[in-house]
Structure formats: structure tokens, C-alpha cells
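**Student:** Predicted model follows, preceded by the sequence.
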Amino acid sequence: MPSSAVSLKNLLRRFRRHHRGSAAVEFALVAPVFFALLFAIVEVALMFFASQVLETVTQASARYLLTGQAQSGSLTQAQFKTYVCSQIPALFTCANLKVNVQSYPAFGSISNTSVFDGNGNFTGATNYCPGNGGDTVFVQLSYQWPLFVTGLGFNMSNPGTTKKWLTATAAFQNEPFSAPASGC
């Protein structure tokens, strides 16, 4: 047997028996997948938390309309959005929040359609018609939430973007309050 074959055989035997550094190699192989999964879990949890905060703010804002406080104060669309933004913690940027308030004659006539198109652009309404006492009202808050772990094969964004539209809605019948009639 040539000496080069013997030395290669001895080298392979020594390499197979020597285990120092194997943990580092194994970690280098597993680490990218582990960290990608960890970041994806954190991002999903943060998005669900933000969605729940938006739901809570929607309910609080709807109650402000339901009880007639907004109508009694003759709030304009900008003033109502300012009120909604005062309810939101630092998690959101108020400028990116879309507020839609519409009144309907009955619950069956409420139209709840998608707020974005196939390219991820906002197509929802931003009306402000809080209604009068006894009217059926629909409140919808929408926010485009940024996503960061979209390039790793885990993508829950809207088509064409790296963001996800979070939307919260509330439908209710106003209490029978007496306030100036809203002209909508």
C-alpha cells in the first residue's frame, strides 16, 4: 500500500475519533433555522398583540359613539381620530391609522369589505358618520403593520408588500340619546 493511502487512512481514523469542535459545527448547521424560527415566533406574537390592542381601542372608541358622547360634543372626523389616537399606546403611529365610521338603517345593510386590494394598497373607506340616537353604526379601524421576517420563507404579509393590514370592527346600535342630529 502506498504511504499516501496509509497516511490518508490514518488521518480519517483520527478525524473520526476526534470530537472536539463537533458541537460548534452542529450549532452552525442548526443556528440559522433556530434563529429564523425564533424571530418568526416573536413577530407573530407581536402582530397578534398589536391586533388585540387595535380591537380594544376599537371597542373603546365605539363606546364613545354608542353613548352619544362624540355626537354631543359635535366631534368632527379629525377630532374623533384624535380621540382614537389618544387611546392607542406607543405601538402604533397615528398617521398610519385609518378610521371609518358609518351609520346604517339596520344591521343587515352593513357592508364589511376588504380594506386592501391585490397589491396591498388601502381601498377602504374613511368616512365619519356617527349617526343619531338609535341608529346602527359600524366602526372600523385599520392599520398597516410592518413585518420583518418575510424573506425567510415565512410571509404573512399582504400581497405585494412587507406589511399586514390589521383591521378591527365594531357594529352596534346607538343608545337613545338626544344630541344634535348628525348630517350624514
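**Tutor:** Received, thanks.
**Student:** what about the residue nearest the centre of the chain, which helix or strand?
**Tutor:** The centroid of the chain falls nearest to residue 166 when counting by CA atoms, centre = their mean (3.8 Å). In this assignment (DSSP states H and E), residue 166 forms part of strand 163-173.
**Student:** The longest helix anywhere in the chain vs strand 163-173, what angle?
**Tutor:** In the chain, taking DSSP state H as the definition, the longest helix is helix 22-66. With axes from the mean of the first three to the mean of the last three CA atoms, to 10 degrees applied, the angle from helix 22-66 to strand 163-173 works out at 30 degrees.
**Student:** who are the neighbours in contact with the nearest residue to residue 98 once chain neighbours are set aside?
**Tutor:** Closest residue in space to residue 98, ignoring its immediate chain neighbours: residue 142 at 4.2 Å, by CB to CB, 6 or more residues apart in numbering. Heads up, the C-betas are built off the backbone N, CA and C, glycines and all. For residue 142, the contact set (CB atoms under 8 Å, 6 or more residues apart in numbering) comprises 97-98, 100, 115, 122, 124, 165-168.
**Student:** so which of those is the most crowded?
**Tutor:** In terms of neighbour count, residue 115 stands highest of the contacts of residue 142 at 23 neighbours, by other CB atoms under 10 Å.
**Student:** I figured the residue nearest to the centre of the chain hits residue 47, correct?
**Tutor:** Yes: counting by CB atoms under 8 Å, residue 47 is a contact partner of residue 166 at 7.4 Å.
**Student:** got any residues that touch both of these two?
**Tutor:** By CB under 8 Å, 6+ apart, the residues touching both residue 166 and residue 47 are residue 145.
**Student:** per-residue pLDDT, residue 8?
**Tutor:** Model confidence at residue 8, given as pLDDT, is 75.
**Student:** for the protein, what are the low-confidence residue spans?
**Tutor:** 1-6, 11, 15-19, 150-155, 179-183 (pLDDT under 70).
**Student:** can you do 80?
**Tutor:** Flagging of the chain using pLDDT under 80 yields the residue ranges 1-24, 118-120, 149-162, 179-184.
**Student:** and residue 12, how many neighbours does it have?
**Tutor:** Residues near residue 12, counting by other CB under 10 Å: 10.
**Student:** what sits up against the strand holding residue 166?
**Tutor:** Counting by CB under 8 Å, 6+ apart, 47, 50-51, 54-55, 57-59, 61-62, 66, 107, 110, 112, 115-116, 120, 122, 124, 134-147, 156-158 sit against strand 163-173.
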